[in-house]
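In: Based on what follows, work out the 3D shape:
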Amino acid sequence: MSLAIPEASTRPEAPRTYPFSVSVVIPAFNEAHNIGAVVQRVRAALPDAEILVVDDASQDGTAAAALAAGARVERHPTNRGNGAAVKTGIRHASGEVVLLMDADGQMDPRYIPDLLGGIAAGYDMVVGARTRETQGDTLARRLGNRALDALGAYLVEAEVRDLTSGYRAMRREVIMEFLHLLPNRYSYPTTSTLSLLKAGYCVGFVSIEGQRRQGGRSSQKLLKNGVRFGLIILRIISLFAPLRVYFPIALGMFFLSLLAYIASVAVNGVWLKIPNATAALFVGGIIVFMFGLLAEQIAALRFQRRE
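Out: The predicted model follows:
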């Protein structure tokens, strides 16, 4: 479901108050050149919020810069990944609502009222969905994100936008139900969004324009991202709705087995002889269907609501 928001020019500049406490969690790795400015901008938008920076064993002065800017810092002794830093931040957050941001300066704090306003309106999670005007976004990345969004929407049978966006607000008690499903490295945004939708929670989306990275060099590589993208696809298929993928494959195999039988009859003129290709495709289709059915039942157990 989409969440309508006012135009940027109509948003009030003064910080708002909300009927819940807020913790801003910022995972950071070697972001000493950005983190101080990010914390200051968030503090200006949310003067009363807890700002928690999780330093994932940075080799520069990230932790010191965050402390100097007024943030609370939790530090990993070893590098465990962006997702692990997010999970640490959520576990240690004291607010009723957790707002996630990256430390590279690409997420504009002016959208914070939109995200938190969605939570105040009754949503359990509100995602900042980047528009085509986002600075520094490549064509390959946009196409990959659109393909991922389409697959996610098919699997959970609901509208999704920008599954890879790390800019989001969520109710802490809700995300804690699915914290064990989030991976330690990448794709925690995809997993968290689809998990809540699969479990029947309300997820909204607001349009945002991302900014260029402020200083430093991005670690994103085309080949590395391509491999990661493939692994994310396999993960979300197996985790959320495997039967919606395996069942069409099984139907396709049954159809091919029928075509193989018809072709054999047309060529040989023998009705009672079953070709090897027909038998193999038919049995393979049954195996794929049964495997998908079993995987679907296992996946469903992960999303049983714990009252």
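In: for the stretch 201-307 of the chain, what are the low-confidence residue spans?
Out: Applying pLDDT under 70 to the stretch 201-307 of the chain picks out residues 212-226, 228, 303-307.
In: 90 instead, please
Out: Counting by pLDDT under 90, the low-confidence segments of the stretch 201-307 of the chain come to 209-241, 244-245, 264-275, 296-307.
In: who touches R72 in this structure?
Out: R72 makes contact with 50-53, according to C-beta atoms under 8 Å, 6 or more residues apart in numbering. Placement of C-beta: from N, CA and C, glycine included.
In: Go through those and name the one nearest L272.
Out: For these, the minimum distance to L272 (C-beta to C-beta) is 72.0 Å, reached by L52.
In: Wait, that closest one touches S23, no?
Out: Yes - L52 is within contact range of S23, at 5.9 Å (criterion: C-beta atoms under 8 Å).
In: Are there residues contacting both of those two? Which ones?
Out: With C-beta under 8 Å, 6+ apart as the test, L52 and S23 both reach 89, 93.
In: where does M170 land in three-state SS?
Out: Reduced to three states with DSSP: H, G, I helix; E, B strand; the rest coil, the structure at M170 is strand.
In: Let me know whether it touches G128 as I believe.
Out: No - counting by C-beta under 8 Å, M170 stays clear of G128, with 11.8 Å between them.
In: who does the residue nearest to R75 when sequence neighbours are not counted bridge with?
Out: Counting by C-beta to C-beta, 6 or more residues apart in numbering, D55 is the residue found nearest to R75 once chain neighbours are left out, at 4.4 Å. D55 has the following beta-bridge partners by DSSP bridges: A28, R75.
In: Against E74, how distant is D55?
Out: Distance check for D55 against E74: by C-beta to C-beta, to the nearest Å, it reads 7 Å.
In: more crowded one of those two?
Out: Using other C-beta atoms under 10 Å, the more surrounded residue of D55 and E74 is D55, with 29 against 18.
In: what residues are up against the residue nearest to R75?
Out: Taking C-beta under 8 Å, 6+ apart, we find D55 in contact with 28-29, 62-63, 66, 73-76, 85.
In: Quick one: mean pLDDT for stretch 125-132?
Out: Along stretch 125-132, the predicted local confidence has a mean pLDDT of 90.
In: What about the most far-flung residue of the chain relative to its centre? Give its phi and psi, please.
Out: Among the C-alpha atoms of the chain, the one most distant from their mean position (C-alpha atoms, centre = their mean) is that of G269, at 54.7 Å. When quoted as degrees, to the nearest 10, the phi and psi of G269 stand at phi 70, psi 20.
In: how near is it to A263?
Out: Plainly put, G269 is 12 Å away from A263 if you go by C-beta to C-beta.
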